[in-house]
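Trainee: Give me a 3D structure for the following:
(one chain, ligands or ions: 2)
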Amino acid sequence: ALPTVVLVGRPNVGKSTLFNRLTQSRDALVADVPGLTRDRRYGQGRLGPRPYLVVDTAGFDPTSKEGITREMARQAEQAIREADVVLFLVDGRAGLTAHDRDIADYLRRLGRPVRLVVNKTEGMRQVMATAEFHALGLGEPMAISAAHGEGVRQMIAEVLADF
Ligand code: GDP
Ligand code: MG
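Mentor: Ligands and ions are numbered 1, 2, ... in the order given. Okay, here's the model as predicted:
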């Protein structure tokens, strides 16, 4: 089976933008509307000759108990359980939020391997962009710009090196 990389994080951090860049697909829906991805979406990425599976999830609230958000959380949880590695995206421009902390705690409980990815860091110094996210206790954050492609290849190479 291909290594499976699952993208999670609160709405609007750039999961679908990263998914599109990794899979080079144009069909994944990307928009400013938070939580637009209603389902899991699967695509294939490639690092040199090596294919891997990428799963995009809706931005979810793990504490939600009802309605569409509850269903989105269920979809995301299913994807996480299938993950070889979870890429937890945060927004380097918005900074660390309470919602990020909730998701970090939730991911720790699920027990899958997690790598922390700080997106939207174009034009920022890497040490500055990642500094505050060490507080999430998920190891060394990797800085990328999904929109501009910066750091993406190096990040995925580092992630896949474990497999
Ligand atoms: P999702 O809700 O996590 O899937 O986030 P989206 O991929 O839909 O992106 C949300 C917004 O962030 C969109 O307006 C994107 O254009 C923007 N965005 C995504 N990646 C970057 C990035 O690397 N830099 C900047 N500045 N904006 C980005
Ligand atoms: Mg999305």
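Trainee: Quick one: residues contacting the residue nearest to residue 114 when sequence neighbours are not counted.
Mentor: Nearest residue to residue 114 in three dimensions, chain neighbours excluded: residue 86, at 4.7 Å (Cβ to Cβ, 6 or more residues apart in numbering). Bear in mind the C-beta positions are built from the backbone N, C-alpha and C, glycine included. Contacts were defined as Cβ atoms under 8 Å, 6 or more residues apart in numbering; by that measure residue 86 touches 6, 8, 80, 107, 112, 113, 114, 115.
Trainee: swap in residue 131?
Mentor: Counted by Cβ under 8 Å, 6+ apart, residue 131 has zero contacts.
Trainee: Give me the pLDDT for it.
Mentor: As summarised for this prediction, residue 131 has a pLDDT of 98.
Trainee: do the same with residue 33
Mentor: As summarised for this prediction, residue 33 has a pLDDT of 41.
Trainee: gap between residue 134 and ligand 1?
Mentor: Using Cβ to the nearest ligand atom, to the nearest Å, we find residue 134 at a distance of 20 Å from ligand 1.
Trainee: Tell me how many other residues crowd that residue.
Mentor: Residue 134 has 13 neighbours, counted by other Cβ atoms under 10 Å.
Trainee: same thing with the one 4 residues further on?
Mentor: Burial of residue 138, expressed as a neighbour count using other Cβ under 10 Å, amounts to 17.
Trainee: Excluding chain neighbours, what is closest to it?
Mentor: Here the nearest residue to residue 138 in space, its sequence neighbours aside, is residue 116; by Cβ to Cβ, 6+ apart that works out to 4.4 Å.
Trainee: picking that back up, looking at the contacts of residue 86, which is nearest residue 90?
Mentor: Closest approach to residue 90 among the contacts of residue 86 (Cβ to Cβ): residue 8, at 10.4 Å.
Trainee: Now the closest one. Its backbone dihedrals?
Mentor: Its backbone dihedrals place residue 8 at phi -130, psi 160, with angles given as degrees, to the nearest 10.
Trainee: List the residues that contact residue 116.
Mentor: 88, 90, 133, 136, 138, 139, 140, 141, 142.
Trainee: Then residue 21?
Mentor: With contact set as Cβ under 8 Å, 6+ apart, residue 21 has these partners: 146, 149, 152.
Trainee: Skipping adjacent residues, who's closest to the second one in space?
Mentor: This points to residue 149. residue 21 (6.2 Å).
Trainee: Wait, a helix at the residue nearest to residue 114?
Mentor: No - secondary structure of residue 86, determined by DSSP: H, G, I helix; E, B strand; the rest coil: strand, with no helix assignment.
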